[in-house]
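> here is the input, now give the coordinates:
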Amino acid sequence: MNAYPGRAAAPWFQRYRPVPVAAARLACFPHAGGSASFFRPWADELPADVELLAAQYPGREDRLREPPATDLGELADRYADVLRATDVPLVLFGHSLGAAVGYEVARRLAVAGAPPALLVVSGRQAPFDPSRAVHLMDDDALWADVARAGGTSRAVLESPELRALVLPVLRADYRLSETYRPPAGPPLTCPVLAVSGDADPDVDLAVLPGWGTVTTAGCDVRVFTGDHFYLQPHRRALVGEIVRRLRVRTDAWATP
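The predicted structure is shown next:
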């Protein structure tokens, strides 16, 4: 049996290249202000029988009319509900805010007896970071923080119309990320891969291995060149690393 998310995935995931009978699935959770389309190119980097599920948070793209999420735990509940039926190897990948979402989804899947094969956390040095409070800044300062992180084109940064459209969702996402505190619970039993750019202003590489405290299955660290959005120029290498690690953990498929 190959449990297939199908319509149950909507509206929570976009499936840019549906694979009805997949050998494995990769569920990706974007950064603050990000959307499912950030991961659209990843579908082309995956083996033909590995399906990409790109998370679509409320308040953007085809969910623009919905209010942004205000509780990270409740958000993780919804994603775990969709993914719980998956009976093929599942990898969770989250970048920045998405790393915290992915971690909470992994915890819920573990409790349900369906832990992921691998959790990949990117651009975040721990499940929560009490030192940041960008969501409390005024609009100009918040927008400057977006520019500082990299990954946003000059055309977007200099557009008053786009700024007015994006700022409310961005502030809500920053609040979601910066006020998140993981509740007590058992550690994960799946391995964790913590990934960062070597010039990410939001990640102290010295403490990145701290993700190892959330699991009993070990934590590896992989550092690429680049800033907070290192994963854009290194997309192929990063996806290849994820697929390679999944292959090491399972012989569920033999696609070269």
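> check what pLDDT L167 gets.
Note for L167: predicted pLDDT of 87.
> scratch that, D251
For D251, the model assigns a pLDDT of 60.
> just S37 next, same as before
96.
> show me what contacts it?
Q14, A54, E61 (Cβ atoms under 8 Å, 6 or more residues apart in numbering). (Each C-beta comes from the backbone N, C-alpha and C, glycine too.)
> and it, which of the three is it?
Three-state call for S37 (DSSP: H, G, I helix; E, B strand; the rest coil): helix.
> same deal with V248?
helix.
> residues near it, how many?
Applying other Cβ atoms under 10 Å, we find 11 residues neighbouring V248.
> just P30 next, same as before
The burial count assigned to P30 is 24, neighbours taken as other Cβ under 10 Å.
> so it touches F38, yeah?
Yes: if you go by Cβ atoms under 8 Å, P30 and F38 touch, sitting 5.0 Å apart.
> quick one: common contacting residues for those two?
The contact lists of P30 and F38 share A54, where a contact means Cβ under 8 Å, 6+ apart.
> as JSON lines, the contacts of S37 with distance to E161 and pLDDT would be great.
Below are the contacts of S37 laid out as JSON lines (distance: Cβ to Cβ, whole Å; pLDDT from 0 to 100):
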{"residue": "Q14", "distance to E161": "25", "pLDDT": "96"}
{"residue": "A54", "distance to E161": "25", "pLDDT": "98"}
{"residue": "E61", "distance to E161": "17", "pLDDT": "92"}
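> among these, which are in strands?
Counting by DSSP state E, the part of the contacts of S37 found in strands is Q14, A54.
> how many neighbouring residues does the closest residue to A32 other than its chain neighbours have?
Excluding its sequence neighbours, the residue lying closest to A32 (Cβ to Cβ, 6 or more residues apart in numbering) is D173, at 3.6 Å. Close neighbours of D173, defined as other Cβ under 10 Å, add up to 24.
> I'd say D173 and S35 touch.
No: at 10.6 Å, D173 does not count as touching S35 under the criterion of Cβ under 8 Å.
> returning to what we had before: tell me which of the contacts of S37 is nearest to E241?
A54 (18.4 Å; Cβ to Cβ).
> need the helices for the stretch 51-200 of the chain, in chain order.
Assigned by DSSP state H, counting those that start in this stretch, the helices in the stretch 51-200 of the chain fall at 72-83, 97-111, 139-149, 154-157, 160-178.
> any regions of the stretch 1-150 of the chain where pLDDT drops low?
Across the stretch 1-150 of the chain, the ranges flagged by pLDDT under 70 are 1-8, 129-131, 136, 150.
> try 90 this time
Counting by pLDDT under 90, the stretch 1-150 of the chain shows low-confidence ranges at 1-10, 20-21, 33, 85-87, 126-150.
> give me the pLDDT for T216.
pLDDT, T216: 97.
> per-residue confidence at the nearest residue to it once chain neighbours are set aside?
Setting aside the residues directly before and after it, T216 is nearest to P187 in space (Cβ to Cβ, 6+ apart), at 5.1 Å. The score at P187 is 96. That number is its pLDDT.
> that concludes my questions; thank you for your assistance.
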